[in-house]
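Asks: Here's a sequence, model it:
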Amino acid sequence: MFIPKEDGSEQGLSIICVEDKIVQQATVQVLNQLYETDFLGFSYGFRPERGQHDALDALHVAIMKNKVNWVLDLDISKFFDTVEHDWLIKFVEHRIGDKRIVRLIRQWIKVGVIDGDGHRQRSTIGTPQGAVISPLLANIYLHYSFDLWLNKHRKYAQGNVTIIRYADDAVLGFQKYQDAIDCQQALTQRLLSFGLEIHPKKTKSIRFGRYALAQCQEKPSRDKPGTFDFLGFTHYIGKKLSGEIVVKRKTKRKRQIAQLKRIKLDLRKRLHDKPWETGHWLRRVVQGHINYYGVPFNRQKLGKFVEEVKKLWLKSLRRRSQWHQMTWQRFRYFVTYWLPKPRIVHPYPEQRFYAKYPR
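Replies: Below you'll find the model as predicted:
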């Protein structure tokens, strides 16, 4: 089946049977024991005991502790749809000698999708999104085509280079601007040889970092540090109340708007549900949003999100005949009981990072 993406395009989603899911999960558990010893430290996507906030913490610490003046915001265009099967099998065979496992993987990656007319399209390229084993296969492909090469290439840079990758999204920090340009050009050619292409619009070099802000203050003629998006957050340079320069994060605008649109649409579908049923559902939705986006310095965006949810719920209640005269004063009791208050639930990145990875 096909599902819509944020940019308006569609991507194929493979829904496999229960038997295949069980076999794939067992295979993933076995292969993880092998590949976890090979995967590099700056890879965070879809790995045991590593998550999105671990990648965000590592990125924050890397920018704050290293001499980062430029950031290369890197995005691989349609990565899961352009993985070449021949290269993937070669990478797997490089580590796995069991022909039965290789044969299973070869069969799984050829699973196609069924279009809107009911016709089956067999895959000749890409990995089946929605399959249990797809994230591991993606990490294997990027480990050999991206990670190992980049880890070696960084040694020839003139300044410091930091790398954080989560699946097909990566952020590279550079001390020297020329290193960022050279790396982007070389990496583009490297990925092309494996059938991958860097997204021309989403990939960009940005002046960023606490050292970059200090340099701009010394020479006002320089461009001010920009912003970039990573894992649902917009990263920007700001200051604490003490005046200390720090990397801050706020909810990505497009993500928040999309989430509110989904809530609005679901409220319309739940128009005839009992208020307590809607309140119970909204509590889970809002709490889930807070659990992910409740990071330091994002209190304002969280508050804005909760306020918009309140307005949508009140508007939905007023559409019902028996609630059309609902006032804010009366609605306050619904909000107090059902909707959680916006709050910061995550510690500062340095605290969690050094607790998990002691120096």
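Asks: mind listing the helices for the stretch 1-150 of the chain?
Replies: All helices of the stretch 1-150 of the chain, identified by DSSP state H, counting those that start in this stretch, fall at 18-35, 52-65, 79-82, 85-95, 99-109, 134-142, 148-153.
Asks: Between those, which one is closest to Phe353.
Replies: For those, proximity to Phe353 was assessed by C-beta to C-beta; helix 52-65 is nearest, at 4.3 Å. Yep, even glycine has a C-beta here, placed from its N, CA and C like the rest.
Asks: Which secondary structure elements does that closest one sit against?
Replies: Counting contacts by 3 or more C-beta pairs under 8 Å, 6 or more residues apart in numbering; DSSP states H and E, helix 52-65 is packed against strand 161-166, strand 169-174, strand 228-230, strand 245-251, helix 349-356.
Asks: among those, which is the most enclosed?
Replies: Greatest average neighbour count among these goes to strand 169-174 (a mean of 25), per mean count of other C-beta atoms under 10 Å.
Asks: for that strand, packing partners?
Replies: Against strand 169-174 (3+ C-beta pairs under 8 Å, 6+ apart) you get helix 52-65, strand 70-75, strand 161-166, helix 177-192, strand 228-230.
Asks: between the helices of the stretch 1-150 of the chain, which gets nearest to Asp73?
Replies: Here helix 52-65 is closest among the helices of the stretch 1-150 of the chain (C-beta to C-beta), at 11.2 Å.
Asks: Buried residues, that closest one. List them.
Replies: Going by neighbour count (16 or more other C-beta atoms under 10 Å), the buried part of helix 52-65 is 52-64.
Asks: so Ile305 sits right up against Ile257, yeah?
Replies: Actually, residue 305 is Phe rather than Ile. No - with contacts counted by C-beta atoms under 8 Å, Phe305 stays clear of Ile257, the gap being 10.1 Å.
Asks: Settle it for me: which of these two has more neighbours?
Replies: Neighbour totals were compared for Phe305 and Ile257, and Phe305 leads with 21 against 12 (other C-beta atoms under 10 Å).
Asks: Quick check: the gap between the more buried one and Gly294.
Replies: Separation of Phe305 from Gly294 (C-beta to C-beta, to the nearest Å): 11 Å.
Asks: For those two, list the residues in contact with both.
Replies: Jointly contacting Phe305 and Gly294 under the rule C-beta atoms under 8 Å, 6 or more residues apart in numbering are Pro342.
Asks: Show me this structure divided up by domain.
Replies: 2-251, 253-350 (the TED database).
Asks: from the ones you listed, which stretch is densest packed?
Replies: Taking mean count of other C-beta under 10 Å, domain 2-251 is the most buried of those, at a mean of 16.
Asks: pLDDT of that domain, averaged?
Replies: For domain 2-251, mean pLDDT rounds to 88.
Asks: try stretch 297-306
Replies: 97.
Asks: Stretch 271-280 too?
Replies: Stretch 271-280 comes out at a mean pLDDT of 91.
Asks: How about residues contacting it?
Replies: Stretch 271-280 has contacts (C-beta under 8 Å, 6+ apart) with Leu267, Arg270, Trp313, Ser316, Leu317, Arg319, Arg320, Trp323, Phe334, Tyr337, Trp338, Leu339.
Asks: So which of those residues are in helices?
Replies: Residues of the contacts of stretch 271-280 located in helices (DSSP state H): Leu267, Trp313, Ser316, Leu317, Phe334, Tyr337, Trp338.
Asks: just curious, which of those is nearest to Cys17?
Replies: For those, the residue nearest Cys17 by C-beta to C-beta is Leu267; the value is 34.3 Å.
Asks: correct me, but the closest one touches Lys310?
Replies: No - contact criterion C-beta under 8 Å: Leu267 and Lys310 do not qualify, at 11.7 Å.
Asks: Could you check which helix or strand contains Ile206?
Replies: Under the criterion of DSSP states H and E, Ile206 resides in strand 204-207.
Asks: so what strands line up beside that strand?
Replies: Here strand 204-207 is paired, per DSSP bridges, with strand 70-75 (antiparallel).
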